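> model the structure of this input:
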Amino acid sequence: MARSSLLQALTRLGQRTPGLEEIAALLDESDHAALLYDVKRQGTALANARAIQLTAFTRLEISELELEQLLPELSKERMVSLVRRAPTSRQLSLIQRSGGELPVMATFTPLGRTREWLLISLQPLSELTQEETEEELQKQRWAALSNLALAPRQARLDVAYQRILLAGQLLTSAPTLALYIGMGNEQTERLERHKHLGPVEHLPPVIGADDLAKLRLPYLWTPGKRGLANLHNHAQVGKLSYVATTPLDQDNPTDGLLVAADSTGAPPDDILVILQILASTIITTLQHNRQIAELQNALRTSGGQFAGHLLLDEITDGVIFLDGQLLVQSMNAPAELILGYAEEEIRGQEIDNVLIGAKSLLPALRSTIESGQAGNLGDFHLHHRDGNTFLANVHAVPLPTEDGSEATAVLISDLSEHEEFRLRTQQLEQKAVLGDVMARFAHEVRNPINNLSTSLQVMAAQLPEDDPAQARIERMREDCERLAKLMQDVLSFSGAHEYKMAAVDIGQLAKRILERWRPHMTRENVSYRLKVTENTPLVKGDQDSLERVLINLISNASKAMSKRGGLLSIRVQPCQEPGESQLVETVVSDTGPGIPEEVLARIFDPFFTTDKKKGTGLGLAITKGIINAHRGQIEVSSVPGGTVFRIKLPRADETKFQIVEGEEI
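Coordinates of the predicted model:
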C-alpha cells in the first residue's frame, strides 16, 4: 500500500478509536516504514516490517526503545505538540542498529477519537527524491510525445530536427542522439552527421556506402555483440555501453539514419521502437519540406504558369492555386479529397469561402504574400464540405509569373492523425491516473473485506452447525470471497507491472499448464491436444504473465465446454503471414457453444462478463493488457460450435527450438 493510501485509510479511523490489531493490519500493507506511538504510554506500540528492515532492530527492541533513541530530534514535549497539530511532515534523522543516521521524511498523523495514537510514517530522502524524479520524468515523456506530434508543422527543417531530437532524449534517456542525412549524390552514396545532441566524438562524422546496406534494419549494439558496420567499431574503441540505430526509411536507407548512444547507462527495452517513431516523424517532416521545394521549383521552371497538373502524382498535401485577387484558379486531387469539393465547384470562389473555419486565415495569407516569402500560416480548424471539422496546417507560397501579376499556392496538410495522437496521449495520461485511483481503491476495500470474512468465520464457529443462520453466513462469506477476487483482479488490471523479459518456451509452458489442469478437465469430460511446430523459436516475454494469459484462456475454454464436454486445442507455430516472420503464434481453440456476436464485440472490455455470479469481467481485459505490454496481438473469432483465440508475440533474440509431441486424453 502506498503511503498516501495508508494515511487516507488511517485518517478515516480518526472518527473512532481503532484497535491495535486493526492498525497493525493496515501497517503491514504499507510499502513504507511506519511506527505507531502510544500517546498515553509515551512509547512505541507498533512497528511494521519495513521499519524493522530500515532500522535493523526487532519489533521487541523497537517497542522497548525510547522514541528519542530512534529519532533524536523528537523529545516527549515535542511529541505532545505534534499530537495536538493537524498532520504534518518534517525532515529528521533515523538512528539505525549500526549507529548510522539515515535522513528521512517523517509524516505525523494523529489517530483515534481522542488522538490516542500518533502514526509516524518514515521515508528515506533518497527514495523520496527517486519518486519525485520518476514522476518528473513521466511528465517530461508526455510532453515529449506531444511536442513530437507538432514537429512536422515547423517551417524550418533544422528547428523540426532539433525538436525531434529533444523529444528523443526525453523518451530514451540517451545522452547522445545523432541524425545522419543523405547527401543525394548517386555516385558516392553516404550519410553525413547533420544534427546531434550530446557528445559525438565516438561516432563517425560520415557513414559510407558500404555500411548503408548493413544498417537497413533497426539494430542495438552492445559490447560483446557482433558489430555490423564501422559505426560499431567506433563505439567499441570509444567504450560506449550501447549504440542503437534505425534508418529513416528502411526501403531507402540513403535518406538518413538515427543513432542513440551512451557511454555508461544501459539501453531501455523499447529503445528501437522509440527510435522508429522518431525516424517516422523525421521522414514525414523531410517529405513535407521536399514537397514545398518541388512545388516552388516546378513553378519556376514552368514559365510562371500554374503547374498543379505536373505535381498531382508527387504532392500528397492539398494544393490550391490563387490569383492576385485571392480567387481559386485550380486545385489538386488531394485538396479535393481533404475539403470535399470538386475543382469545378470552387473555381473563381474567394479562398475565404473555401477554407472556412472559426478564425479567418486571410490576414496571415495577405501578410505572407506581401513579404514575398513562403510562410507557415499556422494551424486552423477547417470545415469539410459535410460540416465536419478537422485540424489543418496551412502554408502559403508566393509564385512568380511572366506578366508580373500576383499568384499564390496554398498548401493544406491534414493534421487529423496528429490531433488524434495528441488526444490519445491525453487519454493515456488520464487512464494512468484512473489506474492509480483504482489500485488505491482496491487496496482500501480489500482489508475491510478480509475483516468481514474473518468475522463471519468466527460467527459461524460460535453457532451450532444446524443453526438457520449458518446458510446466510455462508452466502455472505461467498460474497466476500467474490469481492476479494474482484479486488485482486482490479489490482492486476490497474497496477503498473514490471515485466522481467526473457526467452520463454511457449510450448513447454503450455504443456506444464495442461498437465496441471488434466484432473480438472477429466472431471469436466474435456480432452486436450497440444502441438508445437518444429523449429518454433522462443518468444520474448515475462513467463509468469504469459502463464496467466494461457491459464485464463484454458480456464474460459474449460468452462465453456463443462456441460457437454469437448476438445481443447493449443497450437504453437511461427507466424506464416507476410511481414510477420519475427512473430510466434499461439492458437487456443475449443469446441464449446461459441460466443454470440454481440458479446464478442465486448469480450475484452473491463468488467464485462456473462457470468454475473462468479465472473469479475477482468480476466480477458488483463489478458489483453499483458499481450499489449509484450508488443503482441490477440484476436478472437467464434462461430456456433467453437471459439479461437490467436496470440502473436515477438520472438526472442536467443534462438532455441523445441518440439512437443501432440497429446490427447
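> hmm, Phe380 and Ile356 touching each other?
No - if you go by C-beta atoms under 8 Å, Ile356 and Phe380 don't touch, sitting 9.6 Å apart. For the C-beta atoms, the positions are set from N, CA and C on the backbone; glycine is no exception.
> those two: which is more packed in?
Between Ile356 and Phe380, counting by other C-beta atoms under 10 Å, Phe380 is the more crowded of the two (21 against 17).
> OK, contacts around the closest residue to that one other than its chain neighbours?
Leaving out its chain neighbours, the residue that sits closest to Phe380 by C-beta to C-beta, 6 or more residues apart in numbering is Gly357, at 4.7 Å. Taking C-beta atoms under 8 Å, 6 or more residues apart in numbering, we find Gly357 in contact with 380-383, 389.
> rerun at 7 Å
380-383 (C-beta atoms under 7 Å, 6 or more residues apart in numbering).
> are any of these buried, and which?
In these, burial by neighbour count holds for 380, 382-383, counting by 16 or more other C-beta atoms under 10 Å.
> distance to Gly100, secondary structure and pLDDT added to these, as CSV?
Output for the buried ones among the contacts of Gly357, formatted as CSV (distance: C-beta to C-beta, whole Å; DSSP: H, G, I helix; E, B strand; the rest coil; pLDDT from 0 to 100):
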residue, distance to Gly100, secondary structure, pLDDT
Phe380, 63, strand, 85
Leu382, 66, strand, 88
His383, 69, strand, 86
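> one step back: ok, the contacts of Gly357 vs Leu94, which is closest?
Checking the contacts of Gly357 against Leu94 by C-beta to C-beta gives His381 as the nearest, at 56.7 Å.
> just the CA coordinates of the helix or strand where the closest one lies, formatted as CSV?
Assigned by DSSP states H and E, His381 belongs to strand 375-383. The C-alpha coordinates for strand 375-383 follow below in CSV (Å, rounded to 0.1, in the frame of the first residue of the first chain):
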residue,chain,number,x,y,z
GLY,A,375,5.5,31.0,-44.9
ASN,A,376,3.6,28.9,-42.4
LEU,A,377,0.2,30.5,-41.7
GLY,A,378,-0.4,28.2,-38.7
ASP,A,379,-2.9,25.6,-37.7
PHE,A,380,-6.6,26.1,-38.4
HIS,A,381,-9.8,24.1,-37.6
LEU,A,382,-11.4,24.0,-41.1
HIS,A,383,-14.8,22.7,-42.2
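> i'd like the first residue to be 121 from this point on
Renumbered: residue one is now 121, and that last one reads strand 495-503.
> other SSEs contacting that strand?
For strand 495-503, the packing partners by 3 or more C-beta pairs under 7 Å, 6 or more residues apart in numbering; DSSP states H and E come out as helix 482-491, strand 509-519.
> pick the most buried one from these.
Ranked by mean neighbour count under mean count of other C-beta atoms under 10 Å, the helices and strands packed on strand 495-503 are led by strand 509-519, which reaches a mean of 21.
> give me the nearest residue to Lys620, chain neighbours excluded.
Here the residue nearest Lys620, using C-beta to C-beta, 6+ apart, is Asp662, at 5.3 Å.
> next up, phi/psi of Gln696, please.
The phi and psi values for Gln696, taken as degrees, to the nearest 10, are phi -100, psi -10.
> what about it, how many neighbours?
By other C-beta under 10 Å, the residues close to Gln696 number 10.
> cool, Thr175 as well?
Residues near Thr175, counting by other C-beta under 10 Å: 22.
> from Ile182, how far out is it?
Plainly put, Thr175 is 7 Å away from Ile182 if you go by C-beta to C-beta, to the nearest Å.
> Glu309 too?
Distance of Glu309 to Ile182, computed by C-beta to C-beta: 71 Å.
> between the two, which one's more packed in?
Ile182 (20 against 17).
> point out where the stretch 621-770 of the chain drops to low pLDDT.
Along the stretch 621-770 of the chain, segments meeting pLDDT under 70 span 699, 726-739.
> at 90 what do you get?
In the prediction, the stretch 621-770 of the chain carries residues with pLDDT under 90 at positions 621-622, 636-646, 654-657, 660-665, 668-669, 671-672, 675-686, 695-702, 711-753, 756-762.
> hey, where'd the helices end up in it?
Counting by DSSP state H, counting those that start in this stretch, the stretch 621-770 of the chain has helices at residues 626-643, 663-680, 717-720, 739-749.
> off-centre distance for the first one?
Between the centre of helix 626-643 and the centre of its host chain there is 32 Å, according to C-alpha atoms, centre = their mean, to the nearest Å.
> buried set for that helix?
By neighbour count with 16+ other C-beta under 10 Å, helix 626-643 contains the buried residues 626-627, 629-631, 633-634, 637, 641.
> lovely, talk soon.
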